[in-house]
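# attaching a predicted model along with its sequence, questions to come.
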Amino acid sequence: MSLPPLVEPASELTVDEVRRYSRHLIIPDVGMDGQKRLKNAKVLCVGAGGLGSPALMYLAAAGVGTLGIVEFDEVDESNLQRQIIHSQADIGRSKAESARDSVLGINPYVNVILHEERLEAENVMDIFSQYDLIVDGTDNFATRYLVNDAAVLLNKPYVWGSIYRFDGQASVFWSEHGPCYRCLYPEPPPPGMVPSCAEGGVLGVLCASIGSIQVTEAIKVLTGTGEPLVGRLMIYDALEMQYRQVKVRKDPNCAVCGENPTVTELIDYEAFCGVVSEEAQEAAAGSTITPKQLKEWIDNDEKIEIIDVREINEYEIVSIPGAKLIPKNEFLMGTALETLPQDKKIVLHCKTGVRSAEVLAVLKSAGFADAVHVGGGVIGWVNQIEPEKPVY
């Protein structure tokens with residue numbers, strides 16, 4: 001469905017701006033009026049990572065007058081495979097500052113506002129209220145629900161995107177004109193059920209595909225051009241090079257945008273999404289060791305069986321010496337339990353400790369009362385014990 005332009009046009013374009021945006025100006029559906037609206041627009045990008053990188057670069061190139069960046073992280077070498085707004089020289093720098101410098105390098109006429117903080121319930125309403133449109137480039141469920149609920153409560157449209165391995169999704173959520181994210185996903189998946197990109201990986205160029213869709217939709221909403229993805233979910237399969245659409249209807253029983261909403265203010269989103277299940281938290285209490293403790297056990301020839309519950313691709317990048325690979329799913333299916341030794345203490349680990357805590361809960365319920373897991377996982381091991389090894 002067509003929607004009216006979100007913002008009013010700026011009073012004028014300078015001669016330099018006319019030259020810069022000439023290829024937009026000669027498109028009848030954009031023209032001078034549309035470009036002036038872009039100049040007058042204030043757009044916030046949540047994250048300057050995989051999706052935020054192409055989004056920020058193309059929003060800047062398109063002439064969006066004010067760009068806000070919410071980002072608290074630093075540039076890591078593992079980011080560079082997909083986060084193209086950063087370079088080798090930016091490793092260790094603030095992502096927000098690195099992104100700002102790239103944006104200004106693309107278009108010096110853009111006003112860049114940095115919010116170098118983690119987006120939380122305490123600051124989201126104040127930050128969002130300064131912008132016309134939100135572009136969501138987050139990679140975790142707690143922040144996605146936070147972004148959605150804040151946007152609904154403030155009646156702000158936002159462009160959502162999601163990526164994982166070779167698959168991507170995108171949509172425009174605007175509760176005034178259609179569904180919100182909760183209409184599509186009323187509840188988050190169970191903790192540990194859906195791997196993050198850090199656990200499962202993502203094809204770098206997929207970020208460009210989905211990020212460019214997000215920017216296209218942002219431009220359409222800002223200028224009132226075409227039919228935005230309101231009420232439609234775009235699904236992209238890069239392996240099959242196939243796009244398809246799914247209609248998403250507004251849920252009258254939606255907890256936040258429905259006829260009788262039950263969520264009328266921001267909530268505790270970490271608790272709502274349960275980053276780690278209650279069972280895993282209970283299992284890990286008193287059964288978590290440090291990488292240094294594990295190193296001492298190895299050096300003292302303790303009777304232990306070290307089990308890596310990651311996937312084989314992760315195991316091939318880096319592993320703890322002597323660890324046996326048994327992926328998490330084999331424990332969830334029960335097939336791995338019969339292979340475990342009864343005369344050794346089971347020591348589990350994963351990348352950071354989340355998956356191993358979930359597996360630990362399975363082992364505890366199966367009678368392996370003395371099983372433990374390594375807090376911080378293989379990342380903690382590399383940082384504390386073998387810093388010469390690679391991390392991912």
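Thanks, I have it.
# tell me where the model's unsure across the stretch 151-300 of the chain.
Applying pLDDT under 70 to the stretch 151-300 of the chain picks out residues 191-196, 274-275.
# quick one: the helices in it?
When secondary structure is read from DSSP state H, counting those that start in this stretch, the stretch 151-300 of the chain shows helices at 181-184, 197-200, 204-223, 269-273, 278-284, 291-299.
# nearest to residue 332 among those helices would be which one?
Taking C-beta to C-beta as the measure, the helices of the stretch 151-300 of the chain were each checked against residue 332, and helix 278-284 came out nearest at 12.1 Å. The C-beta positions use only the backbone N, C-alpha and C, and glycine is treated the same way.
# which strands or helices does that closest one pack on?
Using 3 or more C-beta pairs under 8 Å, 6 or more residues apart in numbering; DSSP states H and E, the elements in contact with helix 278-284 are helix 354-365.
# the helix it packs on packs against which elements?
When contacts are defined as 3+ C-beta pairs under 8 Å, 6+ apart, helix 354-365 sits against helix 278-284, helix 328-332, strand 345-349, strand 372-374.
# re the thing from before, out of the helices of the stretch 151-300 of the chain, which comes closest to residue 103?
Distances from residue 103 to each of those were compared using C-beta to C-beta; the shortest belongs to helix 204-223, at 12.9 Å.
# out of the helices of the stretch 151-300 of the chain, which is closest to residue 2?
helix 204-223 (9.4 Å).
# and the closest one, what's buried?
Of the residues in helix 204-223, those buried by neighbour count under the rule 16 or more other C-beta atoms under 10 Å are 206-223.
# alpha carbons of that helix, as CSV, please.
Taking C-alpha atoms only, helix 204-223 is exported to CSV below (Å, rounded to 0.1, in the frame of the first residue of the first chain):
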residue,chain,number,x,y,z
GLY,A,204,29.4,-11.4,4.4
VAL,A,205,27.8,-10.2,1.2
LEU,A,206,24.3,-11.2,2.5
CYS,A,207,24.6,-8.1,4.7
ALA,A,208,24.7,-5.9,1.5
SER,A,209,21.7,-7.6,0.0
ILE,A,210,19.5,-7.1,3.1
GLY,A,211,21.0,-3.8,4.1
SER,A,212,20.3,-2.4,0.6
ILE,A,213,16.7,-3.5,0.9
GLN,A,214,16.4,-1.7,4.2
VAL,A,215,17.7,1.5,2.7
THR,A,216,15.4,1.2,-0.3
GLU,A,217,12.5,0.9,2.1
ALA,A,218,13.7,3.8,4.2
ILE,A,219,13.9,6.0,1.1
LYS,A,220,10.4,5.0,0.0
VAL,A,221,8.9,5.7,3.4
LEU,A,222,10.6,9.0,3.8
THR,A,223,9.7,10.3,0.3
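# tally of neighbours for the residue nearest to residue 173 when sequence neighbours are not counted?
Ranked by C-beta to C-beta, 6 or more residues apart in numbering and with sequence neighbours excluded, the top spatial neighbour of residue 173 is residue 180, at 4.9 Å. The number of residues packed near residue 180 is 24, by other C-beta atoms under 10 Å.
# wait, what's in contact with residue 180?
Taking C-beta atoms under 8 Å, 6 or more residues apart in numbering, we find residue 180 in contact with 148, 151, 152, 173, 174, 250, 254, 256, 257.
# what do you get for residue 112?
Residue 112 makes contact with 66, 67, 68, 69, 100, 103, 104 under the criterion C-beta under 8 Å, 6+ apart.
# using JSON lines, please lay out those residues together with neighbour count and pLDDT.
Below are the contacts of residue 112 laid out as JSON lines (neighbours: other C-beta atoms under 10 Å; pLDDT from 0 to 100):
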{"residue": "66", "neighbour count": "17", "pLDDT": "98"}
{"residue": "67", "neighbour count": "26", "pLDDT": "98"}
{"residue": "68", "neighbour count": "22", "pLDDT": "98"}
{"residue": "69", "neighbour count": "24", "pLDDT": "98"}
{"residue": "100", "neighbour count": "21", "pLDDT": "98"}
{"residue": "103", "neighbour count": "24", "pLDDT": "98"}
{"residue": "104", "neighbour count": "15", "pLDDT": "98"}
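# circling back: for residue 202, find the nearest of the helices and strands packed on helix 354-365.
Comparison of the helices and strands packed on helix 354-365 against residue 202 by C-beta to C-beta identifies helix 328-332 as nearest, at 19.0 Å.
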